[in-house]
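Asker: Here you go, sequence then predicted model.
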Amino acid sequence: AATARPAPSVSPALPTTEQVIPLTGMRGAIARRLHQSSQTAAQVTLMTEVDVSALVQLREELNQQFALTYTDLIVKAVAHALKEHPRLNAWIEGEQIRLVQAIHIGVAVALDEGLIVPVVRDADHKSLREIAQETVRLAIGAREGTLTREEVTGSTFGVTNLGMYGIDAFTPIINPPEIAILGVGRLNEKLVRVRGEAEWRHRMTLSLTFDHRAVDGAPAAAFLQTIGKHLENPVELAR
């Protein structure tokens, strides 16, 4: 009887690639930094939904005086909250946590080739108008590639807003050596019960990722709650 021969092996057809993007330059730097962050930090994300109806009204009123975005208002609210919760305004350096006195908030800006995080320095000492002017200047510099090293380094806390893309909530990755970052979701309207009656209200989800090596869940939650209170009652933000 004839001996059966094994069927010849057939290599699977590989899909045709149209383009190869090397992990070098800005893309490579982002890849290395975020991989380092995810490998070294004990990252936990907390999410909460806040009523920002008063914030929407405040922005409409202030826009009659100067242009500002919701990100500007959130940067101001974060600066207030960091003064009340200084343990979140810190860096991890080796085996120590370094509490930083200055509040420098990094605001993520998306470019075609990657992500860059310009820094609003001393945000707690800037008025809302000054923050709005600074974020515009930094965003233009980021897109034109004219930012200096000082303008993209030294942040003590990060803010990233994906609300304009229709994202409700997400898990942002910490930018080391910082210990926390706030993700901002889209603004939407929901029918909620207010004082026994149904009412349309503006709502927004905030996502706080923090490094559990540096801070525990309860103080991180209290910090996120404080941000929410400033956004729900934004009178102080306009000062």
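Answerer: Ah, there it is. Numbering: from 1, shown residues only.
Asker: buried residues in stretch 161-176?
Answerer: 161-163, 169-170, 172-176 (16 or more other CB atoms under 10 Å). Quick note: C-beta positions are derived from backbone N, CA and C, even for glycine.
Asker: Ends of it, what's the gap?
Answerer: 18 Å (CA to CA, to the nearest Å).
Asker: centre of the chain versus that stretch, how much separation?
Answerer: 6 Å (CA atoms, centre = their mean, to the nearest Å).
Asker: Three-state assignment for Phe170, please.
Answerer: coil (DSSP: H, G, I helix; E, B strand; the rest coil).
Asker: I figured it hits Ser207, correct?
Answerer: Yes: taking CB atoms under 8 Å as the definition, Phe170 is a contact partner of Ser207 at 5.8 Å.
Asker: what sits in contact with each of the two?
Answerer: Residues touching both Phe170 and Ser207 by CB atoms under 8 Å, 6 or more residues apart in numbering: 183, 185.
Asker: which residues sit against the helix or strand hosting Leu58?
Answerer: Here Leu58, judged by DSSP states H and E, is contained in helix 53-62. Residues outside helix 53-62 that contact it (CB under 8 Å, 6+ apart): 68, 70, 73, 128, 187, 201-202, 231-235, 237-238.
Asker: residues touching the residue sitting nearest the centre point of the chain, list them.
Answerer: Geometric centre of the chain, nearest residue: Thr160, 2.3 Å, by CA atoms, centre = their mean. Residues counted as contacts of Thr160 (CB under 8 Å, 6+ apart) are 107-108, 172, 181-184.
Asker: Name the nearest of the buried residues of stretch 161-176 relative to Pro219.
Answerer: Of all the buried residues of stretch 161-176, Ile174 has the smallest distance to Pro219: 16.0 Å, by CB to CB.
Asker: any chance you could map the strands in this protein?
Answerer: 43-51, 90-93, 96-99, 105-107, 109-111, 114-116, 119-120, 157-161, 180-194, 197-211 (DSSP state E).
Asker: So among the contacts of Thr160, which ones count as buried?
Answerer: Among those, those buried by neighbour count (16+ other CB under 10 Å) are 107-108, 172, 181-184.
Asker: For burial, what's the neighbour tally of the closest residue to Leu99 other than its chain neighbours?
Answerer: Distances taken as CB to CB, 6 or more residues apart in numbering place Ala90 nearest to Leu99, at 4.9 Å, with adjacent residues excluded. For Ala90, the tally of surrounding residues (other CB atoms under 10 Å) stands at 22.
Asker: wouldn't Ala90 be in contact with Pro176 here?
Answerer: No: using CB under 8 Å, Ala90 is not in contact with Pro176, being 11.8 Å away.
Asker: before we move on, the earlier item: which one of the buried residues of stretch 161-176 is nearest to Met26?
Answerer: Nearest to Met26 among the buried residues of stretch 161-176, counting by CB to CB, is Asn175 at 14.5 Å.
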